[in-house]
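1. after the sequence you'll find the predicted model.
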Amino acid sequence: MSLVMADSISSPSSTILLCPQTTTAAAAAAAASSQPFVFYPSLLQKQPDLPKEFIWPNNDHAAASQAVEELNEPIVDLGSFLSGEATAVAAQLVREACLNHGFFQVTNHGVNPDLIDAAYEEAGKIFELPVNRKLRMTRKPGGVSGYSGAHADRYSSNLPWKETFSFGFSGSEEMPSVVEYFRSVVGEEFERSGWVYQRYCEAMKELSLEIMELLAVSLGVEKTHFRSFFEDSSSIMRCNLYPPCRNERLAMGTGPHCDPTSLTILHQDQVGGLQVFAGGRWLTVKPCRSAFVINIGDTFMALSNGKYKSCLHRAIVNRERERRSLVYFVCPREDKVVKPPPELLCAELGLRQYPDFTWSDLLHFTQSHYRADEATLKSFFKWLMSSNRVDDCSM
Ligand SMILES: C=C1C[C@]23C[C@H]1CC[C@H]2[C@]1(C)CCC[C@@](C)(C(=O)O)[C@H]1[C@@H]3C(=O)O
Ligand SMILES: O=C(O)CCC(=O)C(=O)O
Ligand SMILES: [Fe+2]
């Protein structure tokens, strides 16, 4: 699906999404930030019908929201991998999962549960801010950092029933820290939230590098290969909030997609809603407080020369309970060339499946030309090969 810019959305929708009598400040903030719509779920819920912008046609989740089978996959014990005790067992589980659907979960990951709880708590404070404050920190066109309400500033149909708050993390001393981002963008009083997320992102980066080792071992690649590649990663942290939705069968929290990024480390609360496409059907990922969900993304699929699958997943909503998730998207440094290691290029495994590219190009593609879905990578290469960058890209 191509990206539709906000100015093509017709004005009647704004009266549906924006409630003038209670949101004068929000309306002013929306105008100032040149965002035409405000996502106001509690007011939207008072309307008898779901606005058409939120209706996902041709989907099968009407049935799926009733009773969905749970994904029954063994959870990888990272503790025993890290201690070197059961390296082969963990690597085999990961290999199977990534060859089949690109999804697994890890426990004994070493991330302090109090830090996870604190991250949920701080996310709650941000989403509870008055709508005009949230609109002032709206994500800028072409960028990923900031607040977004149903992506209503970017798209005109298939709007996701969610609010998101995202920011970048590199872990490098030279880059502005998360604390600084929170202070300057959210407000001085959010310094504590900034510290919580600084620590959370540091923990995610450490965990991501350990998982990179596990992935390398599972692929038969030199153990530190992917760790070194992602040592200077520039990742994206995102907090998702899915409000309850009375029309849960028509709406979608996050539509079906593969993450364009490399690896996703996701924590979901106890409400449930994440589904993975495996074995030709959608399966529910049962919430597990002590586990992180790991998804292979498009960029890692390219790094593995297409061996490991980019995970197709989505998040459905429900009519009773608000749901939250914390998502850390691992991305290479923007100018690094994405290409598989030599071990994955032998004749038996096949020659290059994809051309070289940089994360900066793929990021730009998803932010300015194409709404990420299940076909992002294929569409990206088509665009890359047909654009005038074709000279930069060698097979
Ligand atoms: C590069 C990115 C595109 C998205 C934000 C980052 C990381 C993952 C992507 C996304 C979450 C995949 C699902 C669809 C999407 C549009 C969303 O619903 O939020 C995607 C992000 C985006 O472009 O905002
Ligand atoms: O919230 C979830 O469970 C899924 C979110 C997701 O897939 C994403 O943000 O990319
Ligand atoms: Fe995702």
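-> Thanks, I have it. Residues are numbered from 1 along each chain as shown. Ligands and ions are numbered 1, 2, ... in the order given.
2. before we move on, which element is residue 201 in?
-> helix 191-219 (DSSP states H and E).
3. off-centre distance for that helix?
-> 15 Å (CA atoms, centre = their mean, to the nearest Å).
4. next helix or strand past it?
-> helix 225-230.
5. in the protein, where is pLDDT below threshold?
-> 1-37, 61-67, 85, 174-176, 347-349, 388-395 (pLDDT under 70).
6. which residues touch residue 383?
-> 365, 369, 370 (CB atoms under 8 Å, 6 or more residues apart in numbering). Yep, even glycine has a C-beta here, placed from its N, CA and C like the rest.
7. mind listing the residues bridging to the last one?
-> Here residue 370 sits in beta bridges with residue 2, as judged by DSSP bridges.
8. from residue 117, how far out is the closest residue to ligand 1 within the stretch 1-150 of the chain?
-> Going by CB to the nearest ligand atom, ligand 1 is nearest to residue 144 of the stretch 1-150 of the chain, at 5.2 Å. Here the criterion is CB to CB, to the nearest Å. By it, residue 144 lies 25 Å from residue 117.
9. ok, these two, which is more surrounded?
-> residue 144 (19 against 12; other CB atoms under 10 Å).
10. which residues touch that one?
-> Residue 144 neighbours (CB under 8 Å, 6+ apart): 166, 168, 236, 363, 367.
11. before we move on, what about residue 142?
-> Residue 142 touches 364, 367, 368, counting by CB under 8 Å, 6+ apart.
12. try it again at 10 Å.
-> Contacts for residue 142 (CB atoms under 10 Å, 6 or more residues apart in numbering) come out as 363, 364, 367, 368.
13. what element comes up after the helix or strand hosting the first one heading to the C-terminus?
-> Read it as residue 363. Element membership for residue 363, per DSSP H and E: helix 359-364. Moving toward the C-terminus from helix 359-364, the next helix or strand (DSSP H and E) is helix 376-386.
14. does ligand 2 have contacts with that following helix?
-> No: against ligand 2, helix 376-386 shows no contacts by CB under 6 Å from any ligand atom, the least distance being 11.7 Å.
15. how many residues are close by the residue of the stretch 151-300 of the chain found nearest ligand 2?
-> Closest approach between the stretch 151-300 of the chain and ligand 2, counting by CB to the nearest ligand atom: residue 274, at 3.7 Å. If you count neighbours by other CB under 10 Å, residue 274 ends up with 24.
16. excluding chain neighbours, give the residue nearest to it in space.
-> Distances taken as CB to CB, 6 or more residues apart in numbering put residue 285 closest to residue 274, at 4.4 Å, once the chain neighbours are dropped.
17. hang on, isn't that neighbour packed against residue 266?
-> Yes: counting by CB atoms under 10 Å, residue 285 touches residue 266, with 9.1 Å between them.
18. common neighbours of the two, please.
-> By CB under 10 Å, 6+ apart, the residues touching both residue 285 and residue 266 are 103, 105, 274, 291, 293, 313, 315.
19. which SS class is the second one?
-> Looking back up the chat, that one is residue 105. Put simply, residue 105 is strand when judged by DSSP: H, G, I helix; E, B strand; the rest coil.
20. name the nearest residue to residue 373, ignoring sequence neighbours.
-> Nearest one to residue 373, counting by CB to CB, 6+ apart, is residue 257 at 5.0 Å.
21. which residues does the one you found contact?
-> 297-298, 310-315, 366, 371-376.
22. in the sheet, who's paired with it?
-> residue 313.
23. check residue 106 too.
-> residue 76, residue 292.
24. residue contacts, it?
-> Neighbours of residue 106 in contact, by CB under 10 Å, 6+ apart: 75-79, 81, 90, 93-94, 207, 210-211, 214, 265, 290-294.
25. same check on residue 166?
-> Contacts of residue 166 (CB under 10 Å, 6+ apart): 139, 143-148, 236-240, 327, 329.
26. now the buried members of the contacts of residue 257.
-> Applying a neighbour-count criterion of 16 or more other CB atoms under 10 Å, the buried members of the contacts of residue 257 are 297-298, 310-315, 366, 371-374, 376.
27. what parts of the stretch 101-250 of the chain come near ligand 1?
-> 144, 160, 236.
28. which residues touch the residue nearest to residue 274?
-> Residue 285 touches 70-71, 73, 103, 105, 266, 268, 272-276, 278, 291, 293, 313, 315, counting by CB under 10 Å, 6+ apart.
29. where exactly do the strands run in the stretch 251-395 of the chain?
-> Ranges of strands within the stretch 251-395 of the chain are 254-257, 263-268, 274-278, 281-284, 292-296, 313-315, 323-330, 337-338, 357-358, based on DSSP state E, counting those that start in this stretch.
30. tell me which other helices or strands the last one touches.
-> On a contact count with 3 or more CB pairs under 10 Å, 6 or more residues apart in numbering; DSSP states H and E, strand 357-358 meets helix 298-303, strand 337-338, helix 376-386.
31. ditto for the longest one
-> Contacts of strand 323-330 with other secondary structure elements, assessed using 3+ CB pairs under 10 Å, 6+ apart, are made with helix 113-127, strand 163-169, helix 191-219, strand 235-242, strand 263-268, strand 292-296, helix 298-303.
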